[in-house]
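Participant: Kindly return the folded structure for what I paste below:
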Amino acid sequence: MATAEVPRQYVPLTCHGHSRPVPHISFSPLEKDGSYYLISACKDGNPMLRDGQTGDWIGTFIGHKGAVWQARLSPDASTAATASADFTAKIWDTHSGELLFTLQHDHIVRAVVYAPDNSDLIATGGMEKKLRIFDLAEMKPKSNAESTTNGNNAESVIVPSTIPASSGFEIGAGVHTASIKFVVWTKDPRILITASDNTLRWFDVPTKSVVKQEVLDGEIGSCEFCALAQEHTSKGDVGGGLPVLAVAAGKSIYFWGGLRAMDELKRTKMSYKVASVAVDPKGRKIIVGEDIPATWARVYRWDDDTEIDIHKGHHGPVWSVAFSPDGKLYATGSEDGTIKMWKNCEGFYGLWRGGANGAAEKNSEDVS
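Facilitator: As a prediction, the model looks like this:
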């Protein structure tokens, strides 16, 4: 007797290591060899770097004295930026783990982002209600020569630079009336987007002015670009191959596209409060993390909003969803302190194994 085809289920990889909620996760761009990295922010104050395909732990950036709200990797993956409740944003060397810069603010820093193609430009936002841009190329940390025990050779030791927030270039002074929770830098480097309370604002950097504003259904829970590496994009993707801005607010999800992310693609009202959202442009799927008290992530088809899967692995709300740059997996970060990685392709990938019939198997359920 013929049976209806059921969507194949893959057991997620669970990444442990954090001791408190994970409010934000993000992937690096695709490296030349096809590899990439995953970085996670955590309220335990210890952001972690992992192999993006397997979830294997690479290192922890030690130095914050408060919860870390956001963490991102630079376009060339050579540095990482973290935003913290200790009134700082910090820039780290991803190879050595060394601290390079401390951007000293006067209140909690909630948001940090790199320019799309420039690893030296950083924007921050937070409880100060100020959007600032920092040019790290003008603030390179000093290095001191340190002699070895025999005194013959000298090693160069990085001395981290502390930079006052006032050294940054402020955009839109006095515009924000609430904390800036997210900052997005569009493909057009002249346009920055902020998420504050229930309002999205598009800023023109040269004029420092708001050029577009959208008031949403409720307080914004997530506001992120969803973008595949260029070699994995096509005109048939959602957004036509350009990054898609995905926003969760109240009980609604929103999507914008175009070079400046100003063209509304879709908005959908849900039956529940949403905490986070991301879109798979090529697979045309939407992942929605439910807000308190729920613990599920729901999967929908982009074209008709049909629910096609429910992920029930977490034990707390899903605060962040991110797709890998090749689109072959996505990760969820939760209140329960774990990150889960979900397979988004057929056959062998990362730690997942595909059997003779592509059976849902993997080498290991948990990643330390």
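
Participant: Give me the pLDDT for the residue lying closest to R298 once chain neighbours are set aside.
Facilitator: Closest residue in space to R298, ignoring its immediate chain neighbours: V288 at 5.0 Å, by Cβ to Cβ, 6 or more residues apart in numbering. In short, each C-beta sits where N, CA and C put it, glycine included. pLDDT for V288: 97.

Participant: Partner strands of the strand or helix carrying V288 and their direction?
Facilitator: Element membership of V288, judged by DSSP states H and E, is strand 285-290. Strand 285-290 sits in its sheet next to strand 274-280 (antiparallel), strand 297-301 (antiparallel), going by DSSP bridges.

Participant: now stretch 57-71, how far from the centre of its chain.
Facilitator: 14 Å (Cα atoms, centre = their mean, to the nearest Å).

Participant: which stretches of the stretch 51-200 of the chain have low pLDDT?
Facilitator: 141-157 (pLDDT under 70).

Participant: which outside residues touch the strand holding V288?
Facilitator: 222, 246, 248, 253, 270, 272-280, 296-302, 308, 317-321, 330, 332, 344 (Cβ atoms under 8 Å, 6 or more residues apart in numbering).

Participant: ok, now which ones touch K273?
Facilitator: 218, 250-251, 290-292.

Participant: Flag whichever of the residues you listed scores worst on pLDDT.
Facilitator: Within those, pLDDT is lowest for I292, at 90.

Participant: What residues are bridge-paired with the residue nearest to R298?
Facilitator: Where V288 sits in a bridge, its partners, by DSSP bridges, are V277, R298.

Participant: Would you mind measuring from it to L49?
Facilitator: 27 Å (Cβ to Cβ, to the nearest Å).

Participant: So which of those two has more stuff around it?
Facilitator: Higher neighbour count among V288 and L49: V288, with 26 against 22, using other Cβ atoms under 10 Å.

Participant: Name the residues of stretch 341-358 that are buried.
Facilitator: Under the neighbour-count criterion of 16 or more other Cβ atoms under 10 Å, stretch 341-358 has 341-345, 349-352, 354 buried.

Participant: Show me how far that stretch is from its chain's centre.
Facilitator: With Cα atoms, centre = their mean, you get 24 Å for stretch 341-358.

Participant: What of stretch 178-191?
Facilitator: That offset, for stretch 178-191, works out to 13 Å (Cα atoms, centre = their mean).

Participant: Only the buried residues of that stretch, if you could.
Facilitator: For stretch 178-191, by 16+ other Cβ under 10 Å, it's 179-186, 191.

Participant: need the contact list for the residue nearest to V244 when sequence neighbours are not counted.
Facilitator: Distance criterion Cβ to Cβ, 6+ apart; nearest residue to V244, sequence neighbours excluded, is C226 at 4.8 Å. Taking Cβ under 8 Å, 6+ apart, we find C226 in contact with 243-246, 278-281, 323.

Participant: which two from these end up farthest apart in space?
Facilitator: L245 and D280 (14.6 Å; Cβ to Cβ).

Participant: Neighbour count: the two, which is higher?
Facilitator: Using other Cβ under 10 Å as the criterion, L245 and D280 rank with L245 on top: 29 against 22.

Participant: so that one is in which element?
Facilitator: Assigned by DSSP H and E, L245 falls in strand 244-249.

Participant: Which parts of the stretch 151-300 of the chain are strands?
Facilitator: Secondary structure of the stretch 151-300 of the chain, counting by DSSP state E, counting those that start in this stretch: strands at 154-159, 161-164, 169-171, 180-185, 191-196, 199-204, 209-215, 220-226, 244-249, 252-257, 263-269, 274-280, 285-290, 297-301.
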